[in-house]
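Undergrad: Attaching a predicted model along with its sequence, questions to come.
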Amino acid sequence: MEMSRKKKLFYILAIALSVIYLLWRIIFTIPWQAKPWVLAYALILWVCELVSAFTAYITIIFRLITKKDDARDATPPFLSGERDVPDVDVLIATHNEDVDLLKKTVNGAVLMEYPQGKKHIYICDDGNRPDVAALAKDFGVGYIGMENNREAKSGNLNHALAQLTSPLFVDFDADMIPFSNFLLETVPYFQKNWRDYQEDPGHTDKLGFVQTPQSFYEDDIFQFNLFSENIVANEQDFFSRDVNVLYGKHGYTIFTGSNALFLRQAVDHVGGFPTKTLTEDFELGARINIAGYHSYATKKRVSSGTTPLDLKGVIKQRSRWARGVIQSCRNLHIFLNPKISLAQRMVLANSYFYWWSFFRRLVYIFAPNLYALFKIQVVDTNFWLLMIMWAPGYFLLHTVLGDSSSKIRNERWGEVQETFFAPYLFIPVILQTLHIKAHKFSVTAKTYQRNYLDALYVLPHLILWLMTTIAIIVFNWGKWGSEILFGSVITFWLLMHWINLSFSLFIAMGRKVYRNETRFPRVVPAQIMGMPCETIDLSDSGISFQLADHAADLPLGENLAGCLLCDDLKIPFTSQLIRKIDDEGRYAGSIFVRGDEMPAYLHLVYDQPNRALPTENDQWITSFDILGMNLEKRLENLERRLRSFTTRD
């Protein structure tokens, strides 16, 4: 179904008004006679507005020219005939990750459904660790070790591929657990492409890779630190399940580093995984597209992994991504390379400019503060002219962006995320642009590592928040009537930044973590002490359940025998109940499963998304609701601390 003509005209009008505004800004509002540094800031501000508008135009244009085709979006049927089923090499890359974490991924790979003898699993260990080799032996999968790897993940995977020959291969990070249907949801795209190519090679591009969503079974720092685990989607969902899918409809999906199925021929064609970049994934996908292969992204979650929750880990991860994309864009010469098509150039340019959004966000924050606090004017115009030239285009463009975006994320959350990362990422982006590299590569930690030093991460946001708060008070103090009206644009921007900085402040402040493991809502028939029950949730070592007989009573603190009854499987376990949740027969406690039963148990826990986490933002809860809720919870926490301190003996 195509977008209506009326809506298309609405979108085009938004772009047209925005272009008119930008032309007016550069011709009539730059203070050319101001001091050199003020003029420089004014020009930088305009360039930032120009780039922001350009990236918005790209998204709008892609949505305008993309036809909704539910039949094309559906996974093609899997062809199970012997000649139709290709061999697939499954590569699990590991550097120094914990073996218990790696075990879950290997277990998921082993239990992926696929015709016998066609799936070949290998643990690619550039640490050459004996315990990882033993893990591979226990699961009956291949082990490819190596020593002295100086090319990070690329070197590890290239070393493995040199020893393998299957026409397709899939790579998984050590913490990205595939679901049992992974291959059945991805291989059919290649089967269909091969058939189409045979029938009509002149009008069929070869498929280079299929990227599935980056899905996570843990809440991220935005969800957790803002007490919004049940309200907002994971920060990376918007790109993985919306933007990248949009790019894929035009054949230019971005490879995001894991759980993608590749045509081996395409990877060999471009010389394997790139080694002169920190983001080998981004560059490999781009090189495959430049070589003439198209790529596709799916919406359905067919794997799930961990996400860092400590600020240091998240910031290091994003800094590496930012540097890597800037580095790869230079390697690819994205603005001058004649082999890059216009559509792909737009995708790559959007990726490049995204990492400059954090610098732009700081420029936007300081601009109204300069005027409010020091009367430094970087936009030379009057109120009424600004209302005529700026307001219609601005609000119409943002209405269009809100209308065209999915329910996964709205503009407010995009601004909050930009504002949070801005103080930490703008320097790495500038340094990498100046070709000042970060040579040390480090794998993102998979465990929570928050410590007292994380409090320092609050300082940039606290300083900006205090500055903006003072600016709002100083600028509006003593104003009355028309003065308030004429200053409303400055006040508007100060308030917008104040809201975003308040969110960022709460995120940086963090939140105490009590959990040791993620619990998954899983409803499974079971028995305990011979009494029928049904599980509520499960984790690696925890269980909660509800007895069929609500009046029955179970002892706490004792080892009780039970059994999970899943399909044709019976998984015996021992549980020590820690607490009785309520009088409706609900209990919670530990769970112990024997070693030989553990693969089946892990599969039961991890073979589907974590249903406790939302896939879309709750449309009934506004950003202001979340802000108020956070303020309330922080004040409650402060009150508890003060009460605890004052009641000490």
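TA: Arrived safely. These numbers were taken from a predicted model, which means no experiment stands behind them. Residues are numbered from 1 along each chain as shown.

Undergrad: May I see the buried residues of the strand ranked longest in the chain?
TA: In the chain, with assignment by DSSP state E, the single longest strand is strand 569-580. Residues of strand 569-580 classed as buried: Ile571, Phe573, Ser575, Leu577 (neighbour count, 16 or more other Cβ atoms under 10 Å). C-beta: built from backbone N, CA, C; applies to glycine.

Undergrad: list the helices and strands that strand packs on?
TA: When contacts are defined as 3 or more Cβ pairs under 8 Å, 6 or more residues apart in numbering; DSSP states H and E, strand 569-580 packs onto strand 559-566, strand 586-590, helix 598-606.

Undergrad: Kindly format the C-alpha coordinates of the first one as CSV.
TA: Coordinates of each C-alpha in strand 559-566 appear next as CSV, following Å, rounded to 0.1, in the frame of the first residue of the first chain:
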residue,chain,number,x,y,z
ASN,A,559,15.3,-28.8,48.8
LEU,A,560,12.2,-29.8,46.9
ALA,A,561,12.1,-32.0,43.8
GLY,A,562,10.3,-30.9,40.7
CYS,A,563,10.0,-31.4,37.0
LEU,A,564,9.4,-29.1,34.1
LEU,A,565,7.0,-30.6,31.4
CYS,A,566,7.9,-28.9,28.1
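
Undergrad: Make sure I have this right: Phe62 is in a helix.
TA: Yes. Checked against DSSP: H, G, I helix; E, B strand; the rest coil, Phe62 lies within a helix.

Undergrad: Just the pLDDT at it, thanks.
TA: pLDDT, Phe62: 90.

Undergrad: okay but it is in contact with Tyr252, surely?
TA: No. At 9.8 Å, Phe62 does not count as touching Tyr252 under the criterion of Cβ atoms under 8 Å.

Undergrad: Between those two, tell me which one has more neighbours.
TA: Shown here are Phe62 and Tyr252; by other Cβ atoms under 10 Å, Tyr252 has more neighbours (26 against 20).

Undergrad: so what's that one up against?
TA: By Cβ atoms under 8 Å, 6 or more residues apart in numbering, the residues touching Tyr252 are Asn289, His294, Ser295, Ala343, Gln344, Val347.

Undergrad: So which of those belong to strands?
TA: Per DSSP E, these map to strands at His294, Ser295.

Undergrad: Of the contacts of Tyr252 - the most surrounded one?
TA: Of the contacts of Tyr252, with other Cβ under 10 Å as the count, Asn289 tops at 29 neighbours.

Undergrad: Contacts for stretch 629-643, please.
TA: Against stretch 629-643 from outside (Cβ under 8 Å, 6+ apart): Leu226, Phe227, Phe503, Phe506, Met509.

Undergrad: same question, stretch 521-528
TA: Identification of contacts with stretch 521-528 by Cβ under 8 Å, 6+ apart yields 532-538, 545, 547, 554, 560-566, 575, 604-605, 610-612.

Undergrad: Just the buried ones among the residues you listed, please.
TA: 533, 535-538, 545, 547, 554, 560, 562, 564, 566, 575, 604-605, 610.

Undergrad: which residue is nearest the centroid of the protein?
TA: Gln236 (1.7 Å; Cα atoms, centre = their mean).

Undergrad: Give me the phi and psi for that residue.
TA: Per-residue torsions, Gln236: phi -90, psi -10 (degrees, to the nearest 10).

Undergrad: Next, the nearest residue to it once chain neighbours are set aside: secondary structure please.
TA: Residue nearest to Gln236 in three dimensions, not counting chain neighbours: Gln214, with 5.4 Å by Cβ to Cβ, 6 or more residues apart in numbering. Under the three-state scheme (three-state DSSP), Gln214 adopts coil.

Undergrad: Based on its surroundings, how many neighbours for Gln214?
TA: Neighbour number of Gln214 under other Cβ under 10 Å is 24.

Undergrad: In contact with the residue nearest to the centre of the chain, which residues are there?
TA: Gln236 neighbours (Cβ under 8 Å, 6+ apart): Gln214, Phe216, Asp220, Thr307.

Undergrad: Same list, those, but as JSON lines with distance to Trp356 and pLDDT please.
TA: JSON lines is the format used below for the contacts of Gln236 (distance: Cβ to Cβ, whole Å; pLDDT from 0 to 100):
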{"residue": "Gln214", "distance to Trp356": "22", "pLDDT": "93"}
{"residue": "Phe216", "distance to Trp356": "26", "pLDDT": "95"}
{"residue": "Asp220", "distance to Trp356": "23", "pLDDT": "92"}
{"residue": "Thr307", "distance to Trp356": "24", "pLDDT": "89"}
